[in-house]
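Engineer: Next comes the sequence, and after it the predicted model I'd like to discuss.
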Amino acid sequence: MNGRVTLKDIAEDTGLSISTVSRVLSNKGKISRKSVRKVFESAQRLNYPIFYTQAPTELRSSLSIALVTNFHPGEFYASLYNGFLEAAKGSGTWLGLFHVERDKEKTIDLINSIKRKHFDAVVLYLPGFKKADYIELQNLTDGFPIVSAAPIATPAIDTVVFDNYSGGYLVAKYFHEQGFRKLGVIQGPSDELETHLRKNGFNDYCEQHGLEIVWKHKTDYELSSGKHAFREFLSLSNKPDAIFFGNDALAIGFANSAARHGLHIPADIAIAGYDNIPACEYVIPSITSVNTPHNQLGESIINLLKAKLKDPNSAKKTPISTTLVPVNLIERDSSKVV
């Protein structure tokens, strides 16, 4: 075909009206899936200029996904984003990164803005959100595909999350096998479900095997809070032999303060963290930690979204799903018994 391709050319090629072709390409109005496919196949065949995210997902070689979270400085969020990047590389997926405060209204506004920017779906990592928040998000974003990468007590949307309970259980089992009997647990923010899942896994193993938890401490996930926890540890009359920390920053902060006070890890106190951030391998002593493979998390979420986008009616056909990504324990110097 010579010259610039017009809507009239696509209309003649498909047998549809120009107004129908226009509405398909501008994504306005209710049009059958069959007609939409016919228009875009014609547009591609005739080399009509279209933005790739306008076409139905089954006609495209790539997808565009937005990762939305409340970012904080530190290695955890870098590891989270890098895991998604690695998963996206080999899957024909474009990944966008968006920061939002833990505010439901701002999150709704952001997701609606993301829709207008031609993204196909959103992945949320907002651990403080509750079921009611997710329900409102889904209702006010008009069924736009959303998956949570943070656990929800009673899921209102599809979730793909690490097996936090098993992670805590693995640490307690490992301490038991190392010969420790008096244990401590430093848990993270009490308003986040993953905190309770990690703690519950740890507690359940201890209860099942007669291990005594002599110290429990609640805090946030900041490095400085690990240092504050160490000050409380010094005041204990009945000190634990090994401590499980809800994340690696807490463990590193504690270890740093312990070294400054002349305590030796693990000779005086063994410790283990959670998330296996890169720093665990390079601090002294290196930190035993639960490994959370973010690339596997990303792959599982991308595969789920591809399946959902391939069949837009799948949400009506299938129940809400929760997928658990396995975790494993990486042993390092902070807990090795010589």
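Structural biologist: Structure received. Residues are numbered from 1 along each chain as shown.
Engineer: residue ranges with poor pLDDT in this protein?
Structural biologist: The model of the chain has pLDDT under 70 over residues 1-3, 50-61, 312-318.
Engineer: Which stretches in it count as strands?
Structural biologist: Assigned by DSSP state E, the chain shows strands spanning 63-69, 93-99, 121-125, 146-148, 159-162, 182-187, 212-218, 242-245, 270-275, 288-291, 322-325, 328-330.
Engineer: Just the CA trace of the second one, in CSV.
Structural biologist: The C-alpha atoms that make up strand 93-99 are tabulated as CSV, following Å, rounded to 0.1, in the frame of the first residue of the first chain:
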residue,chain,number,x,y,z
THR,A,93,8.5,-7.4,30.1
TRP,A,94,9.1,-3.7,30.6
LEU,A,95,9.3,-2.7,34.3
GLY,A,96,8.4,0.7,35.8
LEU,A,97,9.2,1.7,39.3
PHE,A,98,6.9,4.0,41.4
HIS,A,99,7.1,5.3,44.9
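Engineer: Run me through the strand neighbours of it, direction for each.
Structural biologist: strand 63-69 (parallel) (DSSP bridges).
Engineer: Grab the most central residue of this protein for me.
Structural biologist: Central residue check for the chain by Cα atoms, centre = their mean: the C-alpha nearest the mean position is that of A149, 3.3 Å away.
Engineer: so what's the residue lying closest to that residue once chain neighbours are set aside up against?
Structural biologist: Excluding its sequence neighbours, the residue lying closest to A149 (Cβ to Cβ, 6 or more residues apart in numbering) is Y125, at 4.4 Å. C-beta here means a position set from N, CA and C on the backbone, and glycine is covered the same way. Shown in contact with Y125 (Cβ atoms under 8 Å, 6 or more residues apart in numbering): L67, V68, T69, L80, S148, A149, A150.
Engineer: now Q296
Structural biologist: With Cβ under 8 Å, 6+ apart, Q296 has these contacts: G83, A87, V325, P326.
Engineer: how about 7 Å then?
Structural biologist: Neighbour list for Q296: V325 [criterion: Cβ atoms under 7 Å, 6 or more residues apart in numbering].
Engineer: ok, L183 to K104 distance?
Structural biologist: Separation of L183 from K104 (Cβ to Cβ, to the nearest Å): 38 Å.
Engineer: what about those two, which has more around it?
Structural biologist: L183 (25 against 18; other Cβ atoms under 10 Å).
Engineer: check contacts around that one.
Structural biologist: Neighbouring residues of L183 by Cβ under 7 Å, 6+ apart: F175, C206, L211, E212, I213, P240, A242, F244.
Engineer: and of the residues you listed, the nearest to L16?
Structural biologist: Closest approach to L16 among the contacts of L183 (Cβ to Cβ): F244, at 63.1 Å.
Engineer: beta partners for the closest one?
Structural biologist: Counting by DSSP bridges, F244 is bridged to V185, A272.
Engineer: Could I get the buried residue list for stretch 300-312?
Structural biologist: By neighbour count with 16 or more other Cβ atoms under 10 Å, stretch 300-312 contains the buried residues S300, I301, I302, L304, L305, K306, K308, L309.
Engineer: pretty sure T141 is touching D109, no?
Structural biologist: No - here T141 does not reach D109: they are 9.9 Å apart, not a contact under Cβ atoms under 7 Å.
Engineer: Looking at those two, which has the bigger crowd around it?
Structural biologist: Counted by other Cβ under 10 Å, T141 and D109 do not tie: T141 has more neighbours, with 19 against 14.
Engineer: Roughly how far does the more buried one sit from T107?
Structural biologist: T141 is 9 Å from T107, by Cβ to Cβ.
Engineer: now do I284
Structural biologist: For I284, the distance to T107 - Cβ to Cβ - is 40 Å.
Engineer: Which of the two has more residues huddled nearby?
Structural biologist: Ranked by neighbour count (other Cβ under 10 Å), I284 and T107 place T107 first, with 25 against 11.
Engineer: How about the more buried one: what's its closest non-neighbour residue?
Structural biologist: Closest residue to T107 apart from its sequence neighbours, by Cβ to Cβ, 6+ apart: V100 at 5.2 Å.
Engineer: I'd assumed D109 was in contact with the one you found.
Structural biologist: No - contact criterion Cβ under 7 Å: V100 and D109 do not qualify, at 8.8 Å.
Engineer: And F71, its phi and psi?
Structural biologist: The phi/psi pair for F71 (degrees, to the nearest 10) reads phi -70, psi 140.
Engineer: How many neighbouring residues does Y205 have?
Structural biologist: Y205 has 20 neighbouring residues, counting by other Cβ under 10 Å.
Engineer: list the contacts for the residue nearest to it when sequence neighbours are not counted?
Structural biologist: Distances taken as Cβ to Cβ, 6+ apart put A172 closest to Y205, at 3.6 Å, once the chain neighbours are dropped. Each residue near A172 by Cβ under 7 Å, 6+ apart is listed here: F202, Y205, C206, L211.
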